[in-house]
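Chemist: my questions concern the predicted model and sequence given below.
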Amino acid sequence: MAETTRAGFVALIGEPNAGKSTLLNRMVGAKVSIVTHKVQTTRARIRGVALEGDSQLVFVDTPGIFKPKRRLDRAMVTAAWGGAADADVVVLLIEAHKGVTEGVENILAALDEYSNPKQKVALAINKIDMVDVEKLLALAKDMNERHHFVETFMISAEKGRGVDDLRKWLAKELPEGPWLYPEDQIADLPMRMIAAEITREKLTLNLHQELPYQLTVETENWEERKDGSARVDQVVYVSRDGHKGIILGKRGETIKRISRASREELSEFLGRKVHLFLQVKVRPNWLEEAERYGEMGLDFKDGN
Ligand SMILES: Nc1nc2c(ncn2[C@@H]2O[C@H](COP(=O)(O)OP(=O)(O)OP(=O)(O)O)[C@@H](O)[C@H]2O)c(=O)[nH]1
Ligand SMILES: [Mg+2]
């Protein structure tokens, strides 16, 4: 008997901090996209692969959608909508406790404008662990009056609630066809980029206020050693001297802490020993350099 397989792309869109990357990681069952409590953590489209029965679901994590100011912001928001346009199913994530914010209203207006009749858009109300049922039901009703969603899910990406139902539903909605990735593949981001993202996550968690938005991380060199370990050299680009000082910290303590946390996670991810070397470089104009965008997986032109 011939088996029917299904495969396709599911884009996760929403405001910054909605929980898109947390949901992607939970769907995939591994951390392939970085997560922080701060907004605008994800900068590019990141794919993670999950299986459900005979379906292969390729989740596309996207940068949060917000009102862009800088070139980088614009490139991120363009990447987010690009991720939605290419998908078979779009899942809009909103935060249960925040409700219909101005940001959500803007996304709904944009969805109306660009909507592709063949594309299904589902709503996922995330962070249900933070509100009571009445509030949740009222929000679901409100959202469904504002836009036509083919289905509404109430989930907690962090706690895993409602996530299986969402995955099962998505699996049925994807088109019939052969799987797009080998069965054991969970991400399609190059290892050097995953490594740079892990370091950027640790920087974001360890630095205050605006600084995380003013830096980028690139893996410059990756060397496999005979003993099975890897030597990874990364550069943190900042735009000001003062920022470099803050990242290094007193007697280099801050960068040491960041470097240790990143090395440990990378080593766990790879299942082997990693020697990580971080260098901080001041590059006043990095936010306007095409090469930096290429390294992040973003299109420089989109930032125009
Ligand atoms: N309470 C609660 N917190 C959650 C849940 N899902 C995600 N979070 C938290 O929300 C914050 C943002 O999560 P992310 O997954 O980074 O959000 P994002 O939508 O990818 O954000 P950007 O990349 O900035 O667009 C993190 O602190 C998560 O731990 C949830 O179900 N409940
Ligand atoms: Mg994210």
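Modeler: Received the coordinates, thanks. Numbers count the residues shown, from 1 in each chain. Ligands and ions are numbered 1, 2, ... in the order given.
Chemist: residue ranges of the helices in the stretch 1-150 of the chain, please?
Modeler: Assigned by DSSP state H, counting those that start in this stretch, the helices in the stretch 1-150 of the chain fall at 20-28, 71-85, 102-114, 133-146.
Chemist: most tightly packed of those helices?
Modeler: Comparing these on average neighbours per residue, with mean count of other Cβ atoms under 10 Å, the densest one is helix 20-28 at a mean of 25. (Each C-beta comes from the backbone N, C-alpha and C, glycine too.)
Chemist: quick one: contacts of it?
Modeler: Residues from elsewhere that reach helix 20-28 (Cβ atoms under 8 Å, 6 or more residues apart in numbering): 12-14, 31-35, 41-42, 46, 48-50, 57, 59, 61-62, 64, 93, 124, 126, 155, 157-158, 160, 163, 167, 186-187.
Chemist: kindly write the ChimeraX command that selects the buried subset of these.
Modeler: Of the contacts of helix 20-28, the buried ones can be selected in ChimeraX as follows, counting by 16 or more other Cβ atoms under 10 Å:
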select :12,13,14,31,32,33,34,35,41,42,46,48,49,50,57,59,61,62,64,93,124,126,155,157,158,163,167,186,187
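Chemist: near ligand 1, from the contacts of helix 20-28?
Modeler: Gly14, Val35, Thr41, Thr42, Gly64, Asn126, Ala157, Glu158 (Cβ under 6 Å from any ligand atom).
Chemist: dump the residue contacts of the second one.
Modeler: Going back to what we said before, that points to Val35. Contact analysis of Val35 by Cβ under 8 Å, 6+ apart lists Ser21, Thr22, Asn25, Thr41, Glu201.
Chemist: CSV for these, including pLDDT?
Modeler: Below are the contacts of Val35 laid out as CSV (pLDDT from 0 to 100):
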residue, pLDDT
Ser21, 97
Thr22, 98
Asn25, 97
Thr41, 96
Glu201, 97
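Chemist: what's the closest non-adjacent residue to the residue in the stretch 201-304 of the chain that ligand 2 sits nearest to?
Modeler: The minimum distance from the stretch 201-304 of the chain to ligand 2, using Cβ to the ion, falls at Glu201 (10.2 Å). Using Cβ to Cβ, 6 or more residues apart in numbering and skipping the chain neighbours, the partner closest in space to Glu201 is Ile34 (3.8 Å).
Chemist: quick check: phi and psi at the one you found.
Modeler: When quoted as degrees, to the nearest 10, the phi and psi of Ile34 stand at phi -80, psi 150.
Chemist: and the gap between it and Glu197?
Modeler: From Ile34 across to Glu197, the span is 5 Å (Cβ to Cβ, to the nearest Å).
Chemist: likewise Val232?
Modeler: 13 Å.
Chemist: same question for Gln279.
Modeler: 17 Å.
Chemist: on that earlier part again, wait, the residue of the stretch 201-304 of the chain closest to ligand 2 sits on Lys31?
Modeler: No: assessed by Cβ atoms under 8 Å, Glu201 is found out of contact with Lys31, at 9.3 Å.
Chemist: what's the next secondary structure element after the host helix or strand of the residue of the stretch 201-304 of the chain closest to ligand 2?
Modeler: Secondary structure assigned from DSSP states H and E places Glu201 in helix 191-206. As assigned by DSSP H and E, the chain's next helix or strand after helix 191-206 is strand 215-224.
Chemist: neighbours of the closest residue to Ile246 other than its chain neighbours, how many?
Modeler: Nearest residue to Ile246, sequence neighbours excluded (Cβ to Cβ, 6+ apart): Leu211, at 6.4 Å. When neighbours are defined as other Cβ atoms under 10 Å, Leu211 has 17 of them.
Chemist: equivalent analysis for the one 4 residues further on, please.
Modeler: Applying the criterion other Cβ under 10 Å, we find 21 residues in the vicinity of Leu215.
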